[in-house]
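K.L.:
Everything below, folded, please.
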Amino acid sequence: MQSHAIEMAQVAAAARTGTGRFNMYAGIHKALRAFMVDTLIAVGRADPTDDADVSHAAAQVEELVALCASHVAHENNFVHPALEARCPGVAQPVAQEHEQHLRHIAHLRDAAQALLALEAIEREPALQALYLALALFVADNFQHMHAEETVHNSALWAAYSDAELIGFHDALLATIPPAEMMLVMRWMLPQLNAPERLGVMQGMRAGAPAPVFEGMLTGTKGLLNPQDWAKLARGLGLQPEPGLVA
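P.N.:
Model prediction:
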C-alpha cells in the first residue's frame, strides 16, 4: 500500500511538472487508449457464428495495429532522436519495447486475418485466443505510454523549449497521410477535454485549408455529445444550436 501511494505521488509530481508545457504525447495517447479499449471490447463480444460480426472485429484489429505500427515509426523517427540528442539513453528502454510491440502487432494482424478463413465452429477458440493476445498488447501499451508521459515528457521539458517541441511535433504531423489523420481525429477528439479539443481545432483552422477545416468540423460535430459540441462552437466563435448550454 505504501509503495502504491509513493508511486501515485510520483505520477502527480510528474504531471505538475508539465503544467502549462506543450505535451506531444497527451492527445495521441488518449486516442490510442480509446481505440485499444474499444477494439478489445469488440473482439470480446463478437459472435463467432455471425460472419459480419467476426469480419468487423477482425477489420478493427487490423486498423488498430496498423495505426499502432505507424505510431511507433513516428516516435522512432522524431521523438527518440530528440531525446537521444540531449538526454542520451533515456529512450532506450522504450525503444526496445517498440521492437517487441512490432512483433506483437504482426502476430495480432496474422491472427485477425486467419479468423476470416475459419469455419464457424473453429471461430470461438480463435476469437478467444485473439482476445487474450490483444488484452496483453493493450496492457503492455498502457504501461508503455505511462513511461512516455512521465519519464520521456520530464526529459523533454527539461531539455527543450515549447517552441522546439512544437517544431518536432509539427514536422511529425506533416508526414501523416490524410487518411491516417482522419482516423486519429476520429478517436482523439471525443476523448480530449474541452480546452484540449478547442486548441486542436483552433490549430487546424489556422493551418489547414478552409474546406479541410470545415470538413473536420462537420465530422467532429457527429462525434461529440451536444454539450461538448456547444462548448467547442462557442470557443470557435460559432453559433451553437438553440437550447444547448455549454
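K.L.:
Who are the contact partners of the residue positioned nearest the centre of the chain?
P.N.:
For the chain, the residue nearest the mean C-alpha position is Leu32 (2.5 Å; C-alpha atoms, centre = their mean). By C-beta atoms under 8 Å, 6 or more residues apart in numbering, the contact list for Leu32 reads Leu67, Cys68, His71, Asn141, Met145, Trp187. Every C-beta, even on glycine, is put in place using the N, C-alpha and C of the backbone.
K.L.:
ok, it to Cys68 distance?
P.N.:
Remark: distance between Leu32 and Cys68 (C-beta to C-beta, to the nearest Å) = 7 Å.
K.L.:
Let me know the secondary structure of the residue nearest to the centre of the chain.
P.N.:
helix (DSSP: H, G, I helix; E, B strand; the rest coil).
K.L.:
Contacts made by the strand or helix carrying Ala58 with the rest, please.
P.N.:
Secondary structure from DSSP states H and E places Ala58 in helix 51-74. With C-beta under 8 Å, 6+ apart as the test, helix 51-74 has contacts from 28, 32, 35-36, 38-39, 42-43, 46-48, 98, 101-102, 105, 108-109, 111-113, 115-116, 123, 127, 130, 134, 141, 172, 175-176, 180, 183-184.
K.L.:
Got the confidence number for the residue in the chain sticking out farthest from the centre?
P.N.:
Distance to the chain centre peaks in the chain at Ile121, reaching 34.5 Å (criterion: C-alpha atoms, centre = their mean). At Ile121, the pLDDT value in this model is 90.
K.L.:
give the contact list for it.
P.N.:
Contacts of Ile121 (C-beta under 8 Å, 6+ apart): none.
K.L.:
element containing it?
P.N.:
helix 120-147.
K.L.:
after that helix, next one along is what?
P.N.:
helix 153-159.
K.L.:
Domains of this protein: list them as residue ranges, please.
P.N.:
Using automatic domain parsing, the domains assigned to the chain come out as 22-177, 192-246.
K.L.:
how far away is His152 from Leu189?
P.N.:
Per C-beta to C-beta, His152 is found 24 Å from Leu189.
K.L.:
what's downstream of the helix holding Ala58, the next helix or strand?
P.N.:
helix 80-86.
K.L.:
That next one: what's the following helix or strand?
P.N.:
helix 92-115.
K.L.:
Which strands or helices does that next one pack on?
P.N.:
helix 51-74, helix 120-147 (3 or more C-beta pairs under 8 Å, 6 or more residues apart in numbering; DSSP states H and E).
K.L.:
Deepest in the core, which of these is it.
P.N.:
Neighbour counts (mean count of other C-beta atoms under 10 Å) averaged over each of the helices and strands packed on helix 92-115 peak at helix 51-74, with a mean of 18.
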